[in-house]
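**Student:** Dropping a prediction and its sequence here:
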Amino acid sequence: MSLLEISDLDVHYRRRTGRLHALRSASLSLSPGETVGIIGETGSGKSTLARAILGLVRPSAGKIVIDGADVAAFTPRQWRELRRRGTVQYVFQDPLRSLDPDLTIFDSLAEPLRIHGSADIPDKVHKILARVRLEQVLLDRLPGELSGGQRQRVAVARALITEPRLVLLDEPVSALDSANRVQILELLKQLRDAGTALLFISHDLGSVAGVADRIAVLYRGEIVEDRAAASVINEPAHPYTKLLVSSAPTLRSAAAGRAARSELRNLLDLEGASA
Ligand SMILES: Nc1ncnc2c1ncn2[C@@H]1O[C@H](COP(=O)(O)OP(=O)(O)OP(=O)(O)O)[C@@H](O)[C@H]1O
């Protein structure tokens, strides 16, 4: 059975200028232990998808089934109960959004365990810190007293401490420098190998490519491809995916030159930013 099953999901936002259709009939499934990457340009609906899965925006149509429960119509109370169980955890781009600035690192990590009613909290906090390779001396500090990379490790540790079955990562490495990015991606690979299901959202195909088993491509609110990662990268079908593959420095094939990218941009009616 799928751990996460999204079917025909529609999300609209109400704006002064009218309604915006942010997700159109999006369908996606994720099995236990699987890692799925969602890629798409800015405004394609990636964060909207994450927010819908976490119950932070209400879909106008469609189903979201997490671990057998249809959560799209959950009441706030049912959402609180689902969060308390800790089946799904999340990491955002900015760790300061996932961490309370007034809680020490120890308390940030202990809080989900307290909500969960766990025993041996200090022991679990020390173990998780070692797992994300952070020094124990950081436990007494506040998030503002850590570097960006250290903070993101704490956010990952906090997401993992309740041993969730699914972790949702929304641009987890976008705000990090390249050394920290590599280290967090390495950590995500270890999680994947340990059997945690990951939904890894990013605008950067290069970051997702090394971690994801499958890649789904979001383009203007629609999932236009959803296949094995290698197949999406080696045989991109949609023009937007072709553009992404040819623009990713480490994935770029010799054949896809500047001219090909500019042609694809014209076809997609995208801004002609530098190739
Ligand atoms: N609360 C909101 N109210 C109105 N429109 C919104 C709201 N949140 C997002 N949008 C719009 O919905 C569309 C999808 O936004 P979303 O944040 O999901 O995109 P994204 O792919 O995550 O982009 P980015 O990579 O820039 O974060 C965009 O056009 C955005 O402007």
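**Tutor:** Nice, thanks for sending it over.
**Student:** use CA for all of it now, contacts and neighbours both
**Tutor:** Noted.
**Student:** tell me the mean pLDDT over the longest helix along the chain?
**Tutor:** Counting residues, the longest helix found in the chain (DSSP state H) is helix 178-193. Across helix 178-193, pLDDT averages out at 86.
**Student:** Give me the helices and strands touching the helix or strand that that helix is followed by, please.
**Tutor:** The helix or strand immediately downstream of helix 178-193 is strand 197-202, counting by DSSP states H and E. Packed against strand 197-202 by the contact rule (3 or more CA pairs under 8 Å, 6 or more residues apart in numbering; DSSP states H and E) you find strand 35-39, helix 46-53, strand 166-170, helix 205-209.
**Student:** can I get the CA coordinates of strand 197-202 in CSV?
**Tutor:** Output in CSV follows, covering the C-alpha atoms of strand 197-202 (Å, rounded to 0.1, in the frame of the first residue of the first chain):
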residue,chain,number,x,y,z
ALA,A,197,10.4,7.7,2.6
LEU,A,198,11.4,11.2,1.4
LEU,A,199,9.5,13.7,-0.7
PHE,A,200,12.2,16.1,-1.8
ILE,A,201,11.1,19.3,-3.4
SER,A,202,13.5,21.5,-5.3
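**Student:** for that strand, which positions count as buried?
**Tutor:** Ala197, Leu198, Leu199, Phe200, Ile201, Ser202 (16 or more other CA atoms under 10 Å).
**Student:** Same check on stretch 60-74?
**Tutor:** Ala61, Gly62, Lys63, Ile64, Val65, Ile66, Asp67, Val71, Ala72, Ala73.
**Student:** what packs against the helix or strand the fifth one falls within?
**Tutor:** Counting by DSSP H and E, the element that carries Val65 is strand 61-66. Secondary structure elements in contact with strand 61-66, counted by 3+ CA pairs under 8 Å, 6+ apart, are strand 4-15.
**Student:** No further queries at this time; thank you.
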